[in-house]
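> Next come a sequence and a model predicted from it.
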Amino acid sequence: QVQLVESGGGLVEAGGSLRLSCSASGTFDSINTMAWYRQAPGKQRDLVARIAPGGSRNYADSVKGRFTISRDNARSTVYLEMNSLKREDTAVYYCFVNVKFYGDYWGQGTQVTVSS
């Protein structure tokens, strides 16, 4: 089994910054893709950013230039640095990992609220 623990959400003013972290624990060989998704009230869950084991990254157009995803493979941890936050970034953010041989796992979600 794989457990994911997220941290770093909270309330921030527009223009501010937050850093999310998600650490995987359990018995596994390696992690493939790591990613962050978000879901605003009444909307579907959408991809924010993802990072491959080798470091290649993809971002949603709405966060390009403001958010940065990174990973620490030794710590099985993925980060999301969020800068220049906007009200429309308000959502529950979910960590996602694909673990080799075990499949997909989701974090419990962390609330990010951006006030104007």
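Here it is on my side, so go on. In this text, all values refer to a predicted model and were calculated from it rather than measured experimentally.
> State the helix or strand in which the residue positioned nearest the centre of the chain lies.
Taking CA atoms, centre = their mean, the centroid of the chain lies closest to W36, which sits 2.8 Å from it. Under the criterion of DSSP states H and E, W36 resides in strand 31-39.
> Would you list the strands that that strand pairs with, along with their directions?
Paired neighbours of strand 31-39 in the sheet (DSSP bridges): strand 46-51 (antiparallel), strand 91-99 (antiparallel).
> Out of those, which is closest to G10?
strand 91-99 (10.9 Å; CB to CB). (C-beta placed from N, C-alpha, C; glycine too.)
> neighbours of the residue nearest to N73 when sequence neighbours are not counted, just the number please.
Spatially, and ignoring its direct neighbours in sequence, N73 is nearest to P53 (6.9 Å; CB to CB, 6 or more residues apart in numbering). Neighbourhood size, P53 [other CB atoms under 10 Å]: 14.
> Any idea how far stretch 30-39 is from the middle of the chain?
The chain centroid and the centroid of stretch 30-39 are separated by 6 Å under CA atoms, centre = their mean, to the nearest Å.
> Tell me the buried residues in it?
Buried residues in stretch 30-39, counted by 16 or more other CB atoms under 10 Å: 31, 33-38.
> okay, these in CSV with distance to G103 and pLDDT next?
Listed next are these as CSV, based on distance: CB to CB, whole Å; pLDDT from 0 to 100:
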residue, distance to G103, pLDDT
I31, 11, 95
T33, 12, 97
M34, 14, 98
A35, 14, 98
W36, 18, 98
Y37, 16, 98
R38, 22, 98
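> export the host helix or strand of S70 as CSV, just CAs?
Following DSSP H and E, one finds S70 within strand 67-72. Extracted in CSV, the C-alpha atoms of strand 67-72 (Å, rounded to 0.1, in the frame of the first residue of the first chain):
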residue,chain,number,x,y,z
PHE,A,67,3.3,27.6,-10.8
THR,A,68,6.3,25.3,-10.7
ILE,A,69,6.2,21.6,-10.0
SER,A,70,9.2,19.8,-8.7
ARG,A,71,10.0,16.4,-7.2
ASP,A,72,12.5,14.9,-4.8
